[in-house]
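K.L.:
take a look and give me a structure for this.
(chains A and B)
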Number of protein chains: 2
Amino acid sequence: MKNEEILNQLKDENIDSMFVYKPENIKYISDFYPSSFAYLIIDEEPVLYVNSIDKEDAEEQSTIETRDIVRLGEVKDLLKGNIAVEESLDFGLLKFLTDDLNSLTPSTVFEDKRQTKTKEEITKIRNSIGIAENGIKEIDFTSTEKYAAASLEFDMTINGSTKPAFDTIVASGTRSSSPHSLTSMNRVETPIVVDWGARYDHYCSDITRTFIDSERQEEIWNIVLEAQKAAINTIAPGVKFADVDKAARDVITEYGYGDYFIHSTGHGFGLDIHENPNLSYNSNGVLEENMIVTAEPGIYIPGELGVRIEDDVLVKKNSEVLTSLDKKLDFSL
Amino acid sequence: MKNEEILNQLKDENIDSMFVYKPENIKYISDFYPSSFAYLIIDEEPVLYVNSIDKEDAEEQSTIETRDIVRLGEVKDLLKGNIAVEESLDFGLLKFLTDDLNSLTPSTVFEDKRQTKTKEEITKIRNSIGIAENGIKEIDFTSTEKYAAASLEFDMTINGSTKPAFDTIVASGTRSSSPHSLTSMNRVETPIVVDWGARYDHYCSDITRTFIDSERQEEIWNIVLEAQKAAINTIAPGVKFADVDKAARDVITEYGYGDYFIHSTGHGFGLDIHENPNLSYNSNGVLEENMIVTAEPGIYIPGELGVRIEDDVLVKKNSEVLTSLDKKLDFSL
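P.N.:
Model (predicted):
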């Protein structure tokens, strides 16, 4: 199914063959995630080329034909006609494929197809979310931000997460006002923004909760929650990406905090933590069934505080919020 | 100092300007690690171009001139003459720099210079090793391999590691016989190969210990230790990379296990976990003062067991083993 869709889009784009090396794309089409350098060549069918160290595992796990890797100098001979490559393909490899960049077509076929998830992918993401949700129940705020992040990651790891989906953010006190804040060795204060995710069979989850304990924090938190609900309520097949963003942004703007909502409302995720679509005011396109996106508005007031609430939503006629955690969680410092 | 050396090598290579985007290379020359897309342009001097989200931090932390990022369509105008790029530069960015790959020169100037460490880098690596060495004392083998890895990573994180230097390996029982073994949800058995490292200010450490409890395991362990000592004893400025490998390999071959030592003896590390040099039988080049390399021979007998011992060595007239952990560590299951 997946493979057919990839092959069909390549045909539509007039591509005769494609060279693919991004491990996430190899995993997507073959269900095998290489531990070492590997590549796919797609023409009539996709064929996976792997190193000897991966051979046994690939033959066992790959759903597509597997062959021994061919020396890079000879890869050119395996490609023919109008050749596509990924945007991420590097100079070191490109030199083996061509001298002339114009002879290659950048193709986003994998990024396009990976936007909508298969049943198996949805199950893996559900598992990843489950691990992440259990983890937050074990978070320990009695010491530093780093300690809190470590306690959460520990719990996710022992429950089957291969590693965090991204560097866990625990940003507390005034540090919460930067969405890029690094988890510090400072003692945890309030509000506490925790943005975290697990990886289950390479599939990510992505959740944020903000822990609050004052009236002012609650005031901002309520606005963010209202904005998030507005965004989630719009999520359905056929809705413009920009309209999901607008729904959240309008609420925050109405309360006078529009300038403090400094990122987009959400994004797709799966094998990568950031995938298409981007739910931003200037994104083009519409939601499709079986996309999985985050809904994560936030308000960041420099020097004072930040609040973000993030859940994961499966796009369907009646869209399903995959995260089941309460929005407001009890905690103690 | 660093900057001068980079500029000198570029001059020697007849490069007029270089486009650099790998975060590790940006960190190396500016001491600033960007949180978002950023690039360097080097001609007379290196200049760092950063996004607005990184502006404040870059201005505070960067040791080189910082400017606002220029749209990619205009970057070409900032480059002149013979232009160098990193091998890792991707197709998506290359298209903005040229149509013709032959007009660009791949330069390994950063990889070359980063092989020898500055005083500040050595200090950071010492700190990273210290965090890793403390962590192993807290490892808990009473449950699964994953649990053991999580307990070790927890301790490193709360002691200041930003994240593991690489996915921690806890490979026990017969699983220890694969050097690429993934940490499993199986209960820990012996022997236990633990290969781990911390990150301190982006600098890695890389250590392996094998925990043993039978005569057969000890027999193999003693051979690996003898091989490692032989390798470490050769490490000095001017010694060929291949000769370090040979020293370890000769010992293991002499005992009849040559076919079971299936990787090279060591590698450089620093901002990346794998840097040049590669201490392999077919590497060309000689050790230089202030390189930091691993010495990590191993024996892997399929279906039976694996043993690896890895320490980190600073190359000097009297080379210094930076790791101070005992080779044999007590443990309980």
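
K.L.:
quick check: domain ranges of chain A?
P.N.:
Per automatic domain parsing, the domain ranges recorded for chain A read A:2-113, A:119-321.

K.L.:
looking at these, which is buried most?
P.N.:
domain A:119-321 (a mean of 20; mean count of other Cβ atoms under 10 Å in any protein chain shown). For the C-beta atoms, the positions are set from N, CA and C on the backbone; glycine is no exception.

K.L.:
so how far is that domain from its chain's centroid?
P.N.:
Distance of domain A:119-321 from the chain centroid (Cα atoms, centre = their mean, to the nearest Å) equals 11 Å.

K.L.:
does that domain reach chain B?
P.N.:
Yes. Counting by Cβ under 8 Å from any Cβ of the partner chain, chain B has neighbours in domain A:119-321: A:143-144, A:146-147, A:149-151, A:153-154, A:157-158, A:160, A:162-164, A:167, A:180, A:182, A:185.

K.L.:
okay if I get the domains of chain A as TSV plus distance to B:Gln115?
P.N.:
Below are the domains of chain A laid out as TSV (distance: least, Cβ to Cβ, whole Å):
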stretch	distance to B:Gln115
domain A:2-113	18
domain A:119-321	27
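
K.L.:
export those to CSV and append columns for mean pLDDT and distance to B:Tyr281.
P.N.:
Converted to CSV, the domains of chain A look like this (pLDDT from 0 to 100; distance: least, Cβ to Cβ, whole Å):
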stretch, mean pLDDT, distance to B:Tyr281
domain A:2-113, 94, 17
domain A:119-321, 97, 33
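
K.L.:
what's the closest of those domains to B:Asp272?
P.N.:
Proximity of those to B:Asp272 was assessed by Cβ to Cβ; the nearest stretch is domain A:2-113, lying at 14.7 Å.

K.L.:
that closest one and chain B in contact?
P.N.:
Yes. Contact of domain A:2-113 with chain B (Cβ under 8 Å from any Cβ) involves A:35-36, A:53, A:85-92, A:94-95, A:98-102, A:104, A:106.

K.L.:
now do the end-to-end distance for that domain.
P.N.:
Here the two ends of domain A:2-113 are set 8 Å apart, with distance taken as Cα to Cα, to the nearest Å.

K.L.:
next one: it to chain centre, how far?
P.N.:
Averaging C-alpha coordinates over domain A:2-113 and over its chain gives two centres that are 22 Å apart (Cα atoms, centre = their mean).

K.L.:
give me the contacts around stretch A:54-70.
P.N.:
Applying Cβ atoms under 8 Å, 6 or more residues apart in numbering or on different chains, the contact partners of stretch A:54-70 are A:3, A:29-32, A:34-40, A:45-52, A:78.

K.L.:
which of the residues you listed fall in helices?
P.N.:
With DSSP state H as the criterion, helices contain A:Asn3, A:Ile29, A:Ser30, A:Ser52 from among the contacts of stretch A:54-70.

K.L.:
sorry, back to before: which one of the domains of chain A lies closest to B:Lys22?
P.N.:
When these are compared (using Cβ to Cβ), the closest one is domain A:2-113, at 10.2 Å.

K.L.:
just list whatever residues bridge to A:Ala38.
P.N.:
Residues in a beta bridge with A:Ala38, per DSSP bridges, are A:Val50.

K.L.:
what sits against it?
P.N.:
A:Tyr21, A:Pro23, A:Ile26, A:Leu48, A:Tyr49, A:Val50, A:Asn51, A:Asp54, A:Ala58, A:Ile69.

K.L.:
so the first one sits against A:Ser36, correct?
P.N.:
No. Under the contact definition of Cβ atoms under 8 Å, A:Tyr21 does not touch A:Ser36, with a separation of 11.7 Å.

K.L.:
which stretch of helix or strand covers the residue in the stretch 151-300 of chain A positioned nearest to chain B?
P.N.:
Ranking the residues of the stretch 151-300 of chain A by distance to chain B (Cβ to the nearest Cβ) places A:Thr157 first, at 3.7 Å. Secondary structure assignment for A:Thr157, by DSSP states H and E: helix A:145-158.

K.L.:
swap in A:Ile223?
P.N.:
Of the helices and strands defined by DSSP H and E, A:Ile223 is found in helix A:215-234.

K.L.:
can you give me the helices in chain A?
P.N.:
For chain A, the helices defined by DSSP H cover A:2-12, A:23-30, A:52-61, A:72-75, A:91-97, A:109-113, A:119-136, A:145-158, A:215-234, A:241-254.

K.L.:
so what does the fourth one touch, helix or strand wise?
P.N.:
Contacting helix A:72-75 under the criterion 3 or more Cβ pairs under 8 Å, 6 or more residues apart in numbering or on different chains; DSSP states H and E are the following elements: helix A:91-97.

K.L.:
and for the helix it packs on, what's in contact with it?
P.N.:
By Cβ under 8 Å, 6+ apart, helix A:91-97 touches A:19, A:21, A:72-73, A:75-76, A:79, A:83, A:85, A:101, A:104, B:85-91, B:94, B:101, B:104, B:106.

K.L.:
same question for stretch A:171-189.
P.N.:
Contacts made with stretch A:171-189 from outside it, assessed by Cβ under 8 Å, 6+ apart, are listed as A:141-146, A:148-149, A:167-170, A:190-193, A:195, A:210, A:262-263, A:298, A:300-308, A:333, B:35-36, B:53, B:160, B:162.

K.L.:
that'll do, ta.
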